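# 3D model of this:
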Amino acid sequence: MTVPSASSSRAQPGEAPPFPWVGLLILSGAIFVCVTSEFLPTGLLPDLAEGLGVTQAQVGLLVTVYAGTVVLSAPLLTALTRRFPRKGLVVVVLSVFAVSNIIVAVAPTFAVVVLARVLGGLAHGLFWAVVGAYASYLVPKAQLARAVAVTSAGATTAFVLGVPLGTALGHALGWQLAFVVMAVAIIILIVLVLLFLPPVRHVTDLRTGEIALPGRKDPSVFGVAVLCAIVAVIMVGQNLFYTYIVPYYTDVSGFGDDSVAILLFVYGGAGAIGLVLVGVVGARYPKASLIGSFSMVAIAVAVMGFFPQQTWVVIGALIVWGIAFGGGPALLQTRMLHTASVRIRDIASAWFTVAFNVGIGGGAFIGGLIFSGYGLGVLPFVEAAVVAAGVILIVVTDRVMHRRHLAAAARAH
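Down below sits the predicted model:
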């Protein structure tokens, strides 16, 4: 039996379908637990290092291991599960996340923690391939920006509440308990997904006489590849500094350990403001919003680097950084969903996830090398330079894409 898309339910002919708030909020919650689970080791970096008897740079490599697993597995797992029901896959990957967090909580050695993070990375790549495209099956194309803003609120809330609360809990009661609580939260989300997330039809039927083309020959592949390159560059810049933001606060800027959770909360709250701003202006000015957001990221972290011990300058720069970056991923994901044709949205989401995690893992790795070789004080300047390069790449590739569209239109006539 064919399962209709939720976007078509209860809509009268000629009317726009009702906006699927419940389904999108469930997806937002799933993204919340996913992002919190991914970045919790960042907030607990010193605690993990002390508890496991390793250096902070080694704990930072957990981010690299996690992201590297995503890079290597996401496209293959997405292709293998191409025809599996999307709702069922969401349940499966969330279950694996829960198991991964429990293993981290009871791990006796750093090696076991690494293996648990590999398991989480396997689920993560498939999660984003499925959930990244799920919203596009729930709403018509005209509502994509709004739908993505709703689901992206889960990631922002993870930085506002998930990571800071997990960090505070880990500091107060032990890092192991923080991962147990994370697993419990994921189990609750699994129940909500089973009860309330609408199933969707994600396989596009061919029209009569139409021949299926390999995904690599889809006309939108070039645009997706360009966007993935932009994502990778920007995320390298972001994460080579953000992965080590906790020791930067304490060792360079001189904040106390008890201030870390508050600073992470401030950053996440600023990110929420940025996401709201994207919802207001991002749909009307997508290109300007994208360029403006990441330009402000580069400026903010450079200011933080120039005045590392000026408390209010650091806090002000942190707020601007959070606002500027907060809506960036939503803008990039919306562009991806508009760029990719319907037939390759799942695989485009997988490669989009790969690009993000190349940036996350590559940034953590590069940041760790700089941390070990040159100290923490250099990191904000390197981020500013790399993110600025990403902005230049956006401007240049937009011109290239515009020329390709003009050439294609001329050939069509």
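# In this structure, where's the longest helix?
Secondary structure assigned by DSSP state H gives helix 379-412 as the longest helix of the chain.
# which parts of it are buried?
Within helix 379-412, the residues that count as buried by 16 or more other Cβ atoms under 10 Å are 379-384, 386-388, 390-391, 393-394. Every C-beta, even on glycine, is put in place using the N, C-alpha and C of the backbone.
# out of those residues, which one sits closest to residue 63?
residue 379 (14.1 Å; Cβ to Cβ).
# Spatially nearest residue to that closest one, not counting backbone neighbours?
The shortest distance from residue 379 to any residue other than its chain neighbours is 4.3 Å, reached at residue 241 (Cβ to Cβ, 6 or more residues apart in numbering).
# Which strand or helix spans that neighbour?
helix 221-242 (DSSP states H and E).
# Distance from the chain centre to that helix, please.
11 Å (Cα atoms, centre = their mean, to the nearest Å).
# Check stretch 278-285 too.
On Cα atoms, centre = their mean, the centre of stretch 278-285 falls 19 Å from that of its chain.
# Pull the residues that contact that stretch.
145, 146, 149, 289, 293, 326, 327, 330, 331, 334 (Cβ atoms under 8 Å, 6 or more residues apart in numbering).
# if you look at the residues you listed, which of them are in helices?
145, 146, 149, 289, 293, 326, 330, 331, 334.
# among those residues, who's most crowded?
Ranked by neighbour count (other Cβ atoms under 10 Å), the ones in helices among the contacts of stretch 278-285 have residue 326 at the top, with 28 neighbours.
# which ones are touching it?
156, 159, 270, 271, 272, 273, 274, 275, 278.
# Which other helices and strands does the lowest-mean-pLDDT helix or strand in the chain contact?
In the chain, no helix or strand scores lower on mean pLDDT, DSSP states H and E than helix 144-157, which sits at a mean of 81. Contact partners of helix 144-157 among helices and strands, from 3 or more Cβ pairs under 8 Å, 6 or more residues apart in numbering; DSSP states H and E: helix 21-43, helix 110-138, helix 260-277, helix 328-339.
# So what touches it?
19-21, 24-25, 27-32, 34-35, 131, 134-136, 138-139, 268, 271-272, 274-275, 278-279, 282-283, 286, 326-327, 329-330, 333-334, 337-338.
# buried stuff in that helix?
Neighbour-count burial for helix 144-157 [16+ other Cβ under 10 Å]: 144-157.
# got a markdown table for the residues you listed, with distance to residue 164 too?
Listed next are these as a markdown table, based on distance: Cβ to Cβ, whole Å:
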| residue | distance to residue 164 |
| --- | --- |
| 144 | 30 |
| 145 | 28 |
| 146 | 27 |
| 147 | 27 |
| 148 | 24 |
| 149 | 22 |
| 150 | 22 |
| 151 | 21 |
| 152 | 18 |
| 153 | 16 |
| 154 | 15 |
| 155 | 14 |
| 156 | 12 |
| 157 | 11 |
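# Name the nearest of those relative to residue 322.
The closest of those, once distances to residue 322 are taken by Cβ to Cβ, is residue 156, at 9.4 Å.
# start to end distance for stretch 320-338?
End-to-end distance for stretch 320-338: 28 Å, by Cα to Cα, to the nearest Å.
# actually stretch 47-59, not the one I typed
10 Å.
# tell me which residues in it are buried?
So, applying 16+ other Cβ under 10 Å, buried residues of stretch 47-59: 47, 48, 49, 51, 52, 54, 56, 57, 58, 59.
# give me every residue that touches residue 366.
236, 240, 382.
# Serialize those residues to CSV and add fields for distance to residue 373 and pLDDT.
Putting these into CSV (distance: Cβ to Cβ, whole Å; pLDDT from 0 to 100) gives the following:
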residue, distance to residue 373, pLDDT
236, 17, 95
240, 13, 92
382, 12, 96
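# export the residues you listed to TSV and tack on distance to residue 104?
Shown next, in TSV, are those (distance: Cβ to Cβ, whole Å):
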residue	distance to residue 104
236	25
240	24
382	29
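# quick one on the thing from earlier: quick one: the helix holding residue 241 to helix 21-43, angle?
40 degrees (axes from the mean of the first three to the mean of the last three Cα atoms, to 10 degrees).
# what's the spacing between the helix or strand following helix 221-242 and its chain's center?
Using DSSP H and E, the helix or strand that directly follows helix 221-242 along the chain is helix 245-247. A distance of 20 Å separates the centroid of the chain from that of helix 245-247, by Cα atoms, centre = their mean.
# Stretch 58-67 too?
Worked out by Cα atoms, centre = their mean, stretch 58-67 lies 16 Å from the chain centre.
# re the thing from before, relative to residue 125, which of the buried residues of helix 379-412 is nearest.
Out of the buried residues of helix 379-412, the member with the shortest distance to residue 125 (by Cβ to Cβ) is residue 390, at 22.1 Å.
# ok and the helix holding residue 241 relative to helix 328-339, angle-wise?
Using the same axes, to 10 degrees: helix 221-242 against helix 328-339 is 170 degrees.
# Report the angle between helix 221-242 and helix 260-277.
150 degrees.
# List the contacts of the residue nearest to residue 242 when sequence neighbours are not counted.
Nearest residue to residue 242, sequence neighbours excluded (Cβ to Cβ, 6+ apart): residue 42, at 7.2 Å. Contact analysis of residue 42 by Cβ under 8 Å, 6+ apart lists 60, 63, 163, 242, 243, 245, 246.
# Report whether the expected contact of the first one with residue 367 is present.
If I follow you right, that is residue 60. Yes - the pair residue 60 and residue 367 passes the contact test of Cβ atoms under 8 Å, sitting 6.9 Å apart.
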